[in-house]
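A.B. asks: I would like the atomic coordinates for the input below:
(2 chains)
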Amino acid sequence: MRRRSGRQTVAGWLFVTPFTILLVAFLLLPMAYAAKLSLYRSTLVEGEVFAWLGNYRQAFGDPEFRRGVVRVVVFGLVQTPVMIGLSLVFALLIDAGTSRLARFFRLAAFVPYAVPVVIGTLMWGFLYSPRTGLFSSVSDLDLLSSGTVLYSLGNVVTWQWAGYNMIVLYAALQGLPREVYESARIDGAGPLQIAVRIKTPMISAAIVLVTIFTIIGTLQFFTEPLILQPLDPGTITNSYTPNVYAYHQAFSYQQYNYSAAISFLLGAVVFIGSYIFLFVTRRRSALR
Amino acid sequence: MSTATMDGTSTRDRAARAPRRPARSGAGRIASHAVMAVMAVYFLLPFWWLLVAATKNNDGLFGSQPLWFGGDFSLFGNLSDLFSQSDGIYLKWLRNSALYSVVSGFGATAVAALAGYAFAKLRFPGRNALFATLLGLIMVPMTALVLPTYLLMSEIGLTDSVWAVILPSLLNPFGVYLLRVYAHDSVPDEMLEAARIDGAGELRVFLSVALPAMRPALVTVLLFTMVATWNNFFLPLVMLSNDDLFPLTVGLRTWYMSATIGNGGQALFSVIVAGSLVAIIPLIVAFLLLQRYWRGGLTLGSLK
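C.D. replies: Below you'll find the model as predicted:
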C-alpha cells in the first residue's frame, strides 16, 4: 500500500510536469516580466530607469488610451445584451422546434464560429466596402464612417459568435428535465410563456457563463478593428481599443514598457472583473 | 386546499385559452420559422458571397452584382494566380498553418491528457494546490498574454521561429480542466486497480486503460486546439516577421493591407478572395464531419 502511494506520487508529479512547465513559462513568467517592464521606462540618455508607477500614471492620463477604454466598455454594454439576447432567442427556437428548418438553422448559425476571425472580418469588409459591397447599391449609408464603423464591427462579432453562444445555451436547455414544462403545458401555458417564464430562468447559469465570455472578449477587442483598419484608418486609429493601442505602442512606436503596462492593466482588469462577476452571480443564484 | 386552488386556476385557464390556442401556436410557428429562415440567410450570406466572388476576376469583383455571378468565370485563373503569387508563398502559409495546428493540437492534447488524468485519478502531494492554481488562472485572458510572451521570448531570442508560435499554443488550462472532469467521471477506478495488480506501471495504466476511456473528450480537445491554432492571429502576428513562417491568417492580412492601401503590393483582391476560400474549406469540412465532437465540447464546457 505504501509502495503504491509512493509510485503514484512519482507518476503524478511526472504527469503534471509538462503542464506545469508550460504554465510557468507561458503564463506566470510573461505576466511577471510584463509587470516588471511596466515599472521601468527606457530613456535615450540613461537607458532603463525605474519609473515606479509612472507608466500607469501615464496610461490613466493618456486621452487616447482613455478613449479606447471608453469605446470598448460602451461597445461591450451594447454588444453583450444584443448578442446574448439573440443567442437566447435562437436557442429557445431550436429547442422548441424539431423541424428540418430548425436543424438546418442550428448548423448555419454555428458555421461562422469555425471560420478564422481574420477571414470573417475580411468577408464583411468586402461586403461593407462602397466599391465591392452589398449595401452601397441599396443606400447611401457609409458603413465604414466614424459614426457607423463600431456598429459594423459589432455585426462581425455577432455573426461570428451568436451561433457559438446559441449552442452553449441550447446544450443547457437540452439538459433540462422535460417534465417541468410538460406540466406547465397541461396547465395551459403557451410555448412563449414556457420559454420566458420556465426555460430561461432555469438556464441562468449558462447565460451567466456566455455573458462573462462575451464581456472578456469585447474588452480584448483586437482582430476585427485591426483587419478593417486599412479601410478607414482615420476612424479606426492606432488607439482604437486598448489591445490595438498596446500592439501599436510595441510595434509602431517601440514603447515596450508602456505597452507592457497597458497589457498588464488590461489582463488584470479582465481577470479581476470576471471573478467579481462570477462571485456576484454565484451568490445570487445560491440565494435564490 | 392547495389541490382545490390548483384545479380552480387550471380549469379557468383552460377555459379561457383553449379556443385561442391552435391559432396562436400556428401563428407562432410561422413567426419562428420566418425568424430562423431570415437568420439562416444572414449567417450564410458571407459564405455565398465568397463562393460567388471567387469566380470573378478583379474587374468583375468591382463591376458586377456582389451576390450573383458576373463577368468571366475566373475561378481557375484566380486559383492559379493564388498559388503562383510571390513564388507560391500561399502554399507555404497553408503548410505553416497545417504544421502549427497539427503539432500544437496533438501536443496540447497530450499535455492536457496527462495532467487531467493525474489531477483526477492519481494521489500525490501538491495536487490540490496545483489544481487550485490552475482554476485560479483559467480566467487570465490569453490575448493579454501575447505581448508579454513576445517581450519575454525576444529577450531569449526565440521570436520569429516556428517554436514561438507552437510552444505558447501548447498551454491549454481549459483543456486540462475539461479532461480532468471527464477522466473523473469516465475512467473506472476498479479498472486502474486491476491493471496495477496485474503489474502494469503507471504509464502503462494511463496508456492502456485511461486513454481509451477518455477518447471522446480527447477528440474534442484536439479538435478545438487545432482549430484555435489554425484560426489564431494575434500570437503569430506578434511573434513572426519572416513571411515564410506566416500562417494563412497573418499572410492574408498582409495581402489585404497592401491591396487596400495600394502601396506597391501586387496582390489583387481576387487573389485574396480565392485565398480566403481555400483557407476555410478544411475548416468547413472538419466542421461538417465532426459536428458531434464540436457540440460535445461545448456541452462539456457548459457544465463548468
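A.B. asks: lowest-scoring secondary structure element of chain B by mean pLDDT?
C.D. replies: Least confident helix or strand of chain B, by mean pLDDT, DSSP states H and E, is helix B:2-17 with a mean of 39.
A.B. asks: domain ranges for the chain?
C.D. replies: Since no chain was named, I'll use chain A. For chain A, automatic domain parsing gives the domain ranges A:2-29, A:56-287.
A.B. asks: please go with chain B instead
C.D. replies: Split by automatic domain parsing, chain B gives B:21-76, B:85-267.
A.B. asks: what's the most buried one of the ones you listed?
C.D. replies: domain B:85-267 (a mean of 19; mean count of other C-beta atoms under 10 Å in any protein chain shown). Glycine gets a C-beta too; all of them are placed from N, C-alpha and C.
A.B. asks: now the domains of chain A in a markdown table, with mean neighbour count?
C.D. replies: Output for these, formatted as a markdown table (neighbours: other C-beta atoms under 10 Å in any protein chain shown):
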| stretch | mean neighbour count |
| --- | --- |
| domain A:2-29 | 17 |
| domain A:56-287 | 19 |
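A.B. asks: can you name the residues that contact residue B:274?
C.D. replies: Counting by C-beta atoms under 8 Å, 6 or more residues apart in numbering or on different chains, residue B:274 touches B:54, B:75, B:78, B:79, B:81, B:82.
A.B. asks: which ones among those map onto helices?
C.D. replies: Judged by DSSP state H, the contacts of residue B:274 include B:75, B:78, B:79, B:81, B:82 as members of helices.
A.B. asks: ok, now which ones touch the third one?
C.D. replies: Put plainly, it is residue B:79. B:274, B:278.
A.B. asks: now the most centrally placed residue in chain A. Nearest residue, chain neighbours left out?
C.D. replies: Centre of chain A computed as the mean C-alpha position; nearest residue by C-alpha atoms, centre = their mean is residue A:217, 1.2 Å away. Using C-beta to C-beta, 6 or more residues apart in numbering or on different chains and skipping the chain neighbours, the partner closest in space to residue A:217 is residue A:161 (7.3 Å).
A.B. asks: any idea of the mean pLDDT in the strand or helix carrying the one you found?
C.D. replies: In the assignment (DSSP states H and E), residue A:161 maps to helix A:149-174. For helix A:149-174, mean pLDDT rounds to 93.
A.B. asks: now swap in stretch B:251-270 and tell me
C.D. replies: 80.
A.B. asks: for the residue nearest to the centre of chain A, helix, strand, or coil?
C.D. replies: helix (DSSP: H, G, I helix; E, B strand; the rest coil).
A.B. asks: how far away is it from residue A:43?
C.D. replies: Using C-beta to C-beta, to the nearest Å, residue A:217 is found at 36 Å from residue A:43.
A.B. asks: does residue A:215 touch residue A:277 like I think?
C.D. replies: Yes. Assessed by C-beta atoms under 8 Å, residue A:215 is found in contact with residue A:277 at 7.3 Å.
A.B. asks: who's in contact with the residue nearest to residue A:217?
C.D. replies: Neighbours of residue A:161 in contact, by C-beta under 8 Å, 6+ apart: A:83, A:112, A:113, A:214, A:217.
A.B. asks: so who does the first one touch?
C.D. replies: Yep, that's residue A:83 we're talking about. Applying C-beta under 8 Å, 6+ apart, the residues contacting residue A:83 are A:157, A:158, A:161, A:162, A:165, A:214.
A.B. asks: right, and the fourth one touches residue A:87 too?
C.D. replies: Yes. Taking contacts as C-beta under 8 Å, residue A:162 lies within contact range of residue A:87: 5.0 Å.
A.B. asks: any low-confidence regions in the stretch 101-250 of chain A?
C.D. replies: Along the stretch 101-250 of chain A, the parts satisfying pLDDT under 70 run over A:136-139.
A.B. asks: helices along that one, start to end?
C.D. replies: A:117-128, A:149-174, A:178-186, A:191-193, A:200-202, A:204-219, A:223-228, A:242-251 (DSSP state H, counting those that start in this stretch).
A.B. asks: how close does residue A:6 sit to residue A:183?
C.D. replies: 56 Å.
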